[in-house]
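J.: No letters, just coordinates:
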C-alpha cells in the first residue's frame, strides 16, 4: 500500500487528514487521522471465520488516550495508563453503536477496533475523529461492511452551528451533539443541550448530516485509491423445513398470546410454555433430536414478527397500550430518612430508587484526562443489579452499559443545575434500578430531578425523560412512546429525549436499520415532547419545586472574602494555622485566590455555629476583627495586671484584671489559669493592632440586678 496523506474540508474551516500504508500494516485496516495537532491511529482486525456455534456478533471497540500525546504524566501514584477512564469508555460506546448496524446480518466473526490517541492539541477532541477513522479503516479493508459512516460533533454559538467545535468553542456553545450516519441516513445521536426546541434539534441533526455526507464521500475516494477486495461473505441459509415445522406447531397461538395485553412476567411465562411444547413435539421426530437450540432461534423470530405485525396492523402493543400511551406512573420523595434527598420513580415495570448526597468541595471527583483536569462537582452513578430483571448474577463494578446510561442521565440533569459558585455543594446522585422493563436511564432522570428537589437543590425547573421506539413496515411506520424491553429488542429505533417543559437537555438515538427520514425523526421528537409533558405533570403531583431548606443532615456552609495579603497568614507555615483552625472548630476550610487576588474562603461544618466560629477566628487572623464581637479564646499567659488571651491563632489581646469580672479581683490566678477556654468581648482595636478584651462585659452584674 502507498503511504500518503489525503485531506478534506468537510465544514467551514474544518479539515481532516488521513494517512494509510505506513503504520500497523498487519492489521486488516489502519489509518492515522489528523485534525489540527490531534492524531488518532484507528485499526481494525476481523477473524476470517466465526467460531463454531457462534450466534452473535462479538465486536469490541477500544478508544484509548495516551498522556504522552499531550506531553503529560498520568496523575496519582502510578505513572502508567491503567483501566479506561469514563470518557474513553463513553467514546468507545459511541463508535460501537455507530458501526454495529453496518455489518451484514449473520456476520459473527470476532472483530476488534482499537483507536489510540497519539497526539493531542488540547482543542480538537479525539472521539469523533476515532469514529471516522474506524469506519475508514474498515471501508478500505477486506472486511464485509455496509459503510462508510462518519460522526461529527455539532455545537451552536450565537445561533450559528459549528461542526466539530474545539474545546474553547464548546465552552461558548449551547449544545454538544454527536451525530453519526451514512451518506443516506442518520444512525446514532447523542448529546446535551440547553433547553432547545424540537425544531432546533432537527436543524442541528441536518447540519451535522451535511458534513457526514462529505466525509463519507471522502472515504469512498480513499477506498478507490487504497482499498482491497472485500472478502466473500454469504449469510448462512435458513433451515426452511424446520421453520415451517415451528410455524405449524405455533399456529395462531403466538398471535393470541401477543394480543392478550400481558405483563412482562406473564408474557414471558406463556411464551416459555409454548416454546417448550413446540420443542418437545419436534425433537421427538426422527432427525430433529438435536434441533432444540435452532428451534429457539426460529421461535424468537416468530415472536418478533408477531409483535411487529400487531403494532403495524392493529396499532396495539404487547401490554395492550396504543402507540402514544404511557404506562402508569407513581412517585414518592423523602423515602430514605438519612439521605439528603431521595425519590422513587416507578413507570410501569420500570422503577428507580434515587438518593442524593450533598458534599463539600473536597468531595468533588478529580478528573485527569487529556482534555479535562478540573474537579467534577456533579455526578450521577447508575446501578443495574441483576434482581431488577429477575435474574441472579455477580455484583461487579460498573460496566460500559451502566457508565453510558448514567452519563446520559447526568447530562440531562446537569444542564439545569445552579452554578457551583451560586450553590456551592458537590452533588452526587445515585440511581439504583430496582425493576426494569423499559428505559431505566430515563427513569433515573425523572427520579434524579425529584430527589434533588427533595434535597433542596435549587433547580429552576424539573426534568423528565422518555424513551421512544419505532416499528418500520413495508407500507407504514409506527412511532411508540414509552417503550418496554421487548419493543426495544424487537423494534427498529431507540430514541431517548430528556428535558424540561421548555426544551430538550439531553438526547440519545440508536437506529437498527438504515434509511430513517428526517420526517420520522421530527414525528418521534414531537411525540416525545407530548410524553415528556405528561410525565412532568405526574411528577409535579408529588413535588413541583425544590424544598425551601436543605436536609438537617447536609453540611452547612459559610463563605467569606479576605485580602490576598492575608492568605498566607490564614494558612500558616506548612499549613499549621489552618489545620489548627479545622481541628479546634471541627470544620473543613479551603481557600482559593480569585482573579482579583482576593482570598475566597469556604467553611463547612455539620452545623452553622461551628462554621461561624471558624469565620470569626479567620477574620481575626486576617485583621478583620470586629469591635464589640464575642470570641472564644485561650489564656496564654498570666501577669499581675491581667491575662493575655489568644482569640484567633496568632492574635492575642490583653484582658486587664479590672475586666475579669464584676467586683474586685485581688489576683488574676484566683479566676484564670493558663490554658483556660473563655469567652471575651473585643472592646477596642487600638493603634498598632493591640487588642483590649473584657470578660465581665459578658457576665451578669449581680449588684445591678
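T.: Right, received. Where do you want to start? The structure displayed is predicted, hence computed values, not measured ones. Numbers count the residues shown, from 1 in each chain.

J.: May I ask which helix or strand encompasses residue 78?
T.: Under the criterion DSSP states H and E, no helix or strand holds residue 78.

J.: And residue 94, by the same measure?
T.: Assessed by DSSP H and E, residue 94 sits inside helix 86-99.

J.: So for that helix, mean pLDDT?
T.: Helix 86-99 carries an average pLDDT of 94.

J.: Tell me which residues are up against it.
T.: Helix 86-99 is contacted by residues 59-65, 84, 113, 115, 126-127, 130-131, 134-135, 138, 147, 149, 151, 178, 180, 187-188, 190, 369, 371-372, 400, 403-404, 407, 510 when judged by Cβ atoms under 8 Å, 6 or more residues apart in numbering. Quick note: C-beta positions are derived from backbone N, CA and C, even for glycine.

J.: if you look at these, which of them are in strands?
T.: Within the contacts of helix 86-99, residues falling in strands by DSSP state E are 59-65, 113, 115, 151, 178, 180, 187-188, 190, 510.

J.: and those residues, which are buried?
T.: Listed as buried from the ones in strands among the contacts of helix 86-99 are 59, 61-65, 113, 115, 151, 178, 180, 187-188, 190, 510; burial here means 16 or more other Cβ atoms under 10 Å.

J.: closest to residue 588 among these?
T.: Distance to residue 588 across those (Cβ to Cβ) is lowest for residue 65, with 32.8 Å.

J.: Kindly state the beta-bridge partners for the closest one.
T.: Beta bridges link residue 65 to residue 117, judged by DSSP bridges.

J.: re the thing from before, could you check the angle strand 59-65 makes with the helix holding residue 94?
T.: Helix 86-99 and strand 59-65 are oriented at 140 degrees to each other (axes from the mean of the first three to the mean of the last three Cα atoms, to 10 degrees).

J.: Wait, residue 518 touches residue 207, no?
T.: No. Look at residue 518 against residue 207 with Cβ atoms under 8 Å: they stay out of range, at 11.5 Å.

J.: The two: which has the busier surroundings?
T.: residue 207 (19 against 14; other Cβ atoms under 10 Å).

J.: Now the residue nearest in space to the middle of the chain. Nearest residue, chain neighbours left out?
T.: Centroid-nearest residue in the chain, with Cα atoms, centre = their mean: residue 407, separated by 2.0 Å. Excluding its sequence neighbours, the residue lying closest to residue 407 (Cβ to Cβ, 6 or more residues apart in numbering) is residue 90, at 5.6 Å.

J.: do residue 445 as well
T.: The shortest distance from residue 445 to any non-neighbouring residue, by Cβ to Cβ, 6+ apart, is to residue 465 (3.8 Å).

J.: other SSEs contacting the strand or helix carrying that neighbour?
T.: Following DSSP H and E, one finds residue 465 within strand 464-472. Judged by 3 or more Cβ pairs under 8 Å, 6 or more residues apart in numbering; DSSP states H and E, the packing partners of strand 464-472 are helix 292-314, helix 440-455, strand 477-481, helix 485-490, strand 493-500, helix 518-540.

J.: closest one to residue 52 among the ones you listed?
T.: helix 292-314 (12.5 Å).

J.: What pairs with the following helix or strand past that closest one, parallel or antiparallel?
T.: Downstream of helix 292-314, the next assigned helix or strand under DSSP H and E is strand 329-333. Using DSSP bridges, strand 329-333 pairs in its sheet with strand 341-347 (antiparallel).

J.: quick check: mean pLDDT across the next helix or strand along the chain from the strand it pairs with?
T.: Scanning forward in sequence from strand 341-347 by DSSP H and E, the next helix or strand is strand 350-359. Across strand 350-359, pLDDT averages out at 96.

J.: Check the offset of the following helix or strand past strand 350-359 from the chain's centre.
T.: Using DSSP H and E, the helix or strand that follows strand 350-359 towards the C-terminus is strand 378-383. Remark: strand 378-383 is offset 7 Å from the chain centroid, using Cα atoms, centre = their mean, to the nearest Å.

J.: Can you list the helices and strands that strand 378-383 packs against?
T.: helix 400-414, strand 426-435, helix 440-455.

J.: Make JSON lines from the ones you listed and add distance to residue 672 and mean pLDDT to it.
T.: Formatted as JSON lines, the helices and strands packed on strand 378-383 follow (distance: least, Cβ to Cβ, whole Å; pLDDT from 0 to 100):
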{"stretch": "helix 400-414", "distance to residue 672": "55", "mean pLDDT": "95"}
{"stretch": "strand 426-435", "distance to residue 672": "43", "mean pLDDT": "96"}
{"stretch": "helix 440-455", "distance to residue 672": "46", "mean pLDDT": "97"}
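
J.: Please identify the most buried of these.
T.: Across these, the average number of neighbours (mean count of other Cβ atoms under 10 Å) peaks for helix 440-455, which reaches a mean of 30.

J.: Give me the distance from that one to the chain's centre.
T.: The answer for helix 440-455 is 13 Å, by Cα atoms, centre = their mean.

J.: repeat for stretch 620-639
T.: 48 Å.

J.: Which residue, other than its chain neighbours, is closest to residue 329?
T.: residue 538 (4.3 Å).

J.: swap in residue 316?
T.: For residue 316, ignoring the flanking residues on the chain, the nearest one in space by Cβ to Cβ, 6+ apart is residue 310 at 5.6 Å.

J.: just checking, the one you found touches residue 255?
T.: Yes. The pair residue 310 and residue 255 qualifies as a contact (Cβ under 8 Å) at a distance of 7.3 Å.

J.: between the two, who's got more neighbours?
T.: A direct count of neighbours by other Cβ under 10 Å for residue 310 and residue 255 places residue 310 higher, at 18 against 15.

J.: Please report how far that one lies from residue 439.
T.: 21 Å (Cβ to Cβ, to the nearest Å).

J.: Report pLDDT for residue 704.
T.: Residue 704 is assigned 55 on the pLDDT scale.

J.: show me the contacts for residue 556.
T.: By Cβ under 8 Å, 6+ apart, the neighbours of residue 556 are 604-608, 610-611.

J.: got it, and residue 513?
T.: 101, 472, 492-493.

J.: Run through the strands of the stretch 551-700 of the chain in chain order.
T.: With strands called from DSSP state E, counting those that start in this stretch, the stretch 551-700 of the chain shows them at 556-562, 588-593, 599-605, 630-639, 642-648, 651-656, 677-685, 691-694.
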